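Chemist: Structure for the following, please:
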Amino acid sequence: MCEIVFIDSAGRETHVVAQDGETVMAAAVRSGIDGIVAQCGGALACGTCHCYVEQPYLDLLPPPSEEEAAMIEFVMEPAPNSRLSCQIVARSVVDGMRVIVPDNQH
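Modeler: Residues are numbered from 1 along each chain as shown. A predicted model of the protein is given here:
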C-alpha cells in the first residue's frame, strides 16, 4: 500500500491509501476525488484523469508511453509534469506522491 496526496485548486490536500498495483485514477475515483472524472474508466481513450505530478515523484515514474503522451497533448493546460492518472500504478516507490488535480478536465 502507498499513500497518494491529491491537491485541489484551493490547495486542500486529501490523503488516499492506494493498494499496490492499483492505478492512481482508480484510487481517486474510489475515494471520491473531485476533478478526476475518468470518463473512459482507464482505457487511455480520454484525458479526464489528467493530473500534475510533483517532484521528486515525477522522476520516479516510468516515462509516459507514446499513447499517453499523445493523449496528454489534448488535455486542458498540459505541462511538463502532466500525466494521466490511469497510467500511474501505485507501488511503494511512490508512497507519499503528491498530485495536483486540474481545475477543469474539459
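
Chemist: mind listing what Ser85 touches?
Modeler: 23-25, 28, 36, 38, 49-51, 99 (CB atoms under 8 Å, 6 or more residues apart in numbering). Where C-beta positions appear, they are placed from N, C-alpha and C, glycine not excepted.

Chemist: and with 7 Å instead?
Modeler: Counting by CB atoms under 7 Å, 6 or more residues apart in numbering, Ser85 touches 23-25, 28, 36, 49, 51, 99.

Chemist: quick one, helices of this protein?
Modeler: Counting by DSSP state H, the chain has these helices, from start to end: 24-30, 57-60, 66-72.

Chemist: buried ones in the last one?
Modeler: It stands for helix 66-72. 68, 71-72 (16 or more other CB atoms under 10 Å).

Chemist: What score does the residue nearest the centre of the chain have for pLDDT?
Modeler: With distances taken as CA atoms, centre = their mean, Ser85 lies nearest the centre of the chain, 2.8 Å away. For Ser85, the model assigns a pLDDT of 98.

Chemist: ok, the residue found closest to Ser31 once you drop the neighbours it is linked to in the chain to Ile33 distance?
Modeler: Nearest residue to Ser31, sequence neighbours excluded (CB to CB, 6 or more residues apart in numbering): Val16, at 4.5 Å. In this view, Val16 and Ile33 are 7 Å apart by CB to CB, to the nearest Å.
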